[in-house]
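Chemist: whatever this is, show me its structure:
(chains A and B, ligands or ions: 2)
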Amino acid sequence: MLIAPLLIFVLITFIFPISDMLFRSVENDIVSDTLPRTVVALESWSAESQEAPDEDVFAAFYTDLYLAQEYKTHTRLGSRLNYQQTGISSMFRKTGRRVKRFDTDVYTDQFEELDAKWADPSYWASLMNNERVQKQLPETASSYTAWRELMVEEGDNPDAETPEDFVYTSLYRDLMHLSENGASVRNADVRTAMNAVSGFESVSLKEQFIDAEDDWADPKYWATIKLYSGNYTPGYFLNAVDMEQTINGAEVKPENERLYGTLFARTIYMSLFIMGCTILLGYPVAFLLANISRRSANMLLILVLLPFWTSLLVRTSAWKVLLQQQGVINDILVWSGLIDEAGRLIMINNQMGTIIAMTHILLPFMILPLYSVMQTIPPSYVRAAKSLGANDWTAFRRVYFPQSIPGIGAGSILVFIMSIGYYITPEIVGGTQGVFISNRIAYHISSSLNWGLASALGAILLAVVLILYWLYDRFVGIDNMKLG
Amino acid sequence: MISNLAKRGKVLDSNKDTGFVVFDQVQKSYDGVTLVVKNLNLSIAKGEFVTMLGPSGSGKTTCLMMLAGFETATHGDILLDGQPINDIPPHKRGIGMVFQNYALFPHMTVAENLAFPLQVRNISKSEQQEKVRRALDMVQMSKFANRRPVQLSGGQQQRIALARALVFEPELVLMDEPLGALDKQLREHMQLEIKRLHERLGISVVYVTHDQSEALTMSDRVAVFNDGVIKQLAPPEELYDKPDNAFVAQFIGENNRLIGTVESVDGDYAGVRLASGDLCQALAVNCGAVGEKTTLSIRPERVLIGEAATSNTVEAKVLEQIYLGDHVRCRMSVHGDEEFIVKVPNAPGFSHLEVGQTAQIGWSADDCRALDMDIVR
Ligand SMILES: Nc1ncnc2c1ncn2[C@@H]1O[C@H](COP(=O)(O)OP(=O)(O)O)[C@@H](O)[C@H]1O
Ligand SMILES: [Mg+2]
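Modeler: Residues are numbered from 1 along each chain as shown, chains lettered A, B, ... in the order given. Ligands and ions are numbered 1, 2, ... in the order given. Predicted structure coming up:
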């Protein structure tokens, strides 16, 4: 009961964001939300036909896009689909501007000419209230309802306004359908209209769209829309492992478009390297700490912890000052004559910069667990080894070192996991060659706004850490790990 | 006291050539101010079992560590087989050691632990196996060769530690309170076992304990430590029957103390005037000159009751009795001392006393030792 606040805190700050992230990495309802009619119409179309979809799909797309540009959601959808297929974003933007000026007003005019009732808002309202009519004119009913919602949203009274062109377009299409099927219609007005539509002048929406933007004739864009019309998608994950979804299933991207594989590999091997460096530098320090008097150990420990009292940003920037080509270290080397002016070392904005700065920053996380483990190793073990005839080195290698391994394990796993998700330091001193996968995640979160991809990358990172943790448990044993 | 120490020092000096292990005027200070070990002289013969007995903090472990090479003597020499070993590093001294917490390497199996001293000596694999097997047999632990130390009970770990200290056949084995962590029964069993091994292998053992019964049952000689000084070095019987000073009398076994002033010294005997005003005849062991204060030491079982009490008689009131089967422990008020203990044997012819009753008790002057005025414990 007492831990309830903590539990809630953990739930809110930890479990909830992580599950949200996992959800975002597969979530994809934007297409089906924005283009519901198109998604349904596309079901009967297959990308293998190598042709653009038929008029039905374009008609549905017309209604959807008309509504979407009214709600201003079409650009968002465009950017989302652009992650999968470049160029699609501008198609949406361009067509969105044009869709209100499509030639569909001919339908409106023709219906109003046929009977002035069709221009009467209250007539529309009463007609669409009739369930029978709704059933016979499904497209019209759907368009009309959507239009009414739009009116309400915009603060207008739908009972006082004439519907937009796209509603008449739907009406035309419904009536054409009925007349072609020779259906019997009870409502007199509708019957009259049905009998009249075959003589109407018609407009091809397909042509209208292609007129506005040639690319709508290209089936590959329609294939993308169809591929991402599901509510969930593996697309972000495929993207995160340098693959893409094509008509032929998932395929590895062409060489020049691959990015994340290298980044993941670099993140892992550089983290391992940094971990190795912290072991090499941290072990002697921890050993010293554990084998001097308590007073001096506490003094030294303060020095080890000193970096924690300084901002991470300041420490990283300090490395920038030290390492840059006109920086302190290069100046000293040139001054001492070890290198000449032209031979100034490039130690920053590359992998070396990241390794040096991160080793320094993560060193305490290696030293502390090592120290706490070494402190628990009784001196009698080494003494026993020596009394049994082992010299200093053998006693260390065969008795002391094996017992300090839990500390190395704990420190390594701590440093490695922290390093694999590090962001600020590589960002500042890493240049392009020394950045980690987290920098890419940050880029997608704050700049490209592709949160789905960022989430997928994050989820993979999480999985990698969990797998490594599992491997560690398998081969070293997590119980062997002592953090303090 | 001081003259006594000097006297013993001289005796040991002449022993120097014969002793297998010799501490020669060894001093040790950790902080450069207080001496933890003060002018230690000790000679241990080959094959001897010597125990350092003393209260906690009296410098026993320090002495052992100096012998093993983990601490250096601030002053004086330590000789092993006639050679000064101050400059020999621990791993070259060839001294087996059993630590208080056993110090078995937790990451190695029992067999690996035992093979360790053989491996570092570059002994061949087959010989290693043979020696490990024999050492395990010796402590009846053959079945546990492949276990880890944590999988063993305290007593089993103790045996392994013992086997490990013996497997490379050292001539000298040091043990620092090796049985301290075991329960009473196991401890007594292991005492006998260690003693048997010592006799069988003919090794020299320096054993440290703060448990006097352990020291008395196992040792050839016991060095009683207090405050960095050996108070008495003697075989167990002598230590109990003939303590040299008040500290030893009090530390070993049960003891009655009476404080008095020396009034006369006549040969081996001294007349001592007690605080109650009575005069008491005692053996003048370590009591100084006439007029000096002295501690009288009388063992509870040497006190005689009733008719049997012929000398040093006094009327004593019974304050408390505890029936212990073979004898009755009786607390009495004697010469103003209310903590005076008398052991009344539960034997034919002994009448039981009642609490509150006054009885006549006494003791022979030979059983009453006039000792120094050491401040005890
Ligand atoms: N490494 C050390 N540093 C400083 N003082 C010590 C050290 N080891 C022991 N001492 C001190 O020396 C004295 C004797 O200790 P020790 O030899 O361990 O006694 P014992 O083994 O008889 O209990 C104690 O007062 C103890 O505090
Ligand atoms: Mg001790």
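Chemist: how about the residues of the stretch 1-150 of chain B by ligand 1?
Modeler: B:Tyr30, B:Val36, B:Gly54, B:Ser56, B:Gly57, B:Ser58, B:Gly59, B:Lys60, B:Thr61, B:Thr62 (Cβ under 6 Å from any ligand atom). Backbone N, C-alpha and C define where each C-beta goes, glycine included.
Chemist: so who does the first one touch?
Modeler: B:Tyr30 sits next to B:Val36 when contact means Cβ atoms under 8 Å, 6 or more residues apart in numbering or on different chains.
Chemist: name the SS class of it, please.
Modeler: With DSSP: H, G, I helix; E, B strand; the rest coil as the basis, B:Tyr30 sits in coil.
Chemist: where in chain B is pLDDT low?
Modeler: B:1-18, B:375-377 (pLDDT under 70).
Chemist: for the residue nearest in space to the middle of it, give me its contacts.
Modeler: Residue closest to the average C-alpha location in chain B (Cα atoms, centre = their mean): B:Leu53, at 3.2 Å. Counting by Cβ under 8 Å, 6+ apart, B:Leu53 makes contact with B:Lys60, B:Thr209, B:His210, B:Asp211, B:Gln212, B:Ala215, B:Val222, B:Ala223, B:Val224, B:Phe225, B:Phe251.
Chemist: can you point out the buried residues in the helix or strand containing A:Asp211?
Modeler: Here A:Asp211, judged by DSSP states H and E, is contained in helix A:205-212. For helix A:205-212, the neighbour count (16 or more other Cβ atoms under 10 Å in any protein chain shown) marks A:Leu205, A:Lys206, A:Gln208, A:Phe209, A:Ile210, A:Ala212 as buried.
Chemist: between those, which sits nearest chain B?
Modeler: Of all these, chain B sits closest to A:Phe209, with 74.1 Å by Cβ to the nearest Cβ.
Chemist: quick check: B:Ile322 touching B:Val328?
Modeler: Yes: contact status for B:Ile322 versus B:Val328: in contact at 6.9 Å, counting by Cβ atoms under 8 Å.
Chemist: quick one, which of these two is more surrounded?
Modeler: Using other Cβ atoms under 10 Å in any protein chain shown as the criterion, B:Ile322 and B:Val328 rank with B:Val328 on top: 17 against 10.
Chemist: so what pLDDT did the residue in the stretch 301-450 of chain A that ligand 1 sits nearest to get?
Modeler: Nearest residue of the stretch 301-450 of chain A to ligand 1, counting by Cβ to the nearest ligand atom: A:Pro379, 9.4 Å away. Looking at A:Pro379, its pLDDT stands at 91.
Chemist: how much space between A:Ala265 and A:Pro426?
Modeler: Look at A:Ala265 and A:Pro426: by Cβ to Cβ, to the nearest Å, they are 15 Å apart.
Chemist: separation between A:Asn28 and A:Leu77?
Modeler: Taken as Cβ to Cβ, the span from A:Asn28 to A:Leu77 is 11 Å.
Chemist: dump the residues of the stretch 1-150 of chain B next to ligand 1 to CSV, plus secondary structure and distance to B:Gly82.
Modeler: Below are these laid out as CSV (DSSP: H, G, I helix; E, B strand; the rest coil; distance: Cβ to Cβ, whole Å):
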residue, secondary structure, distance to B:Gly82
B:Tyr30, coil, 29
B:Val36, coil, 26
B:Gly54, coil, 28
B:Ser56, coil, 33
B:Gly57, coil, 32
B:Ser58, coil, 28
B:Gly59, coil, 25
B:Lys60, helix, 24
B:Thr61, helix, 25
B:Thr62, helix, 23
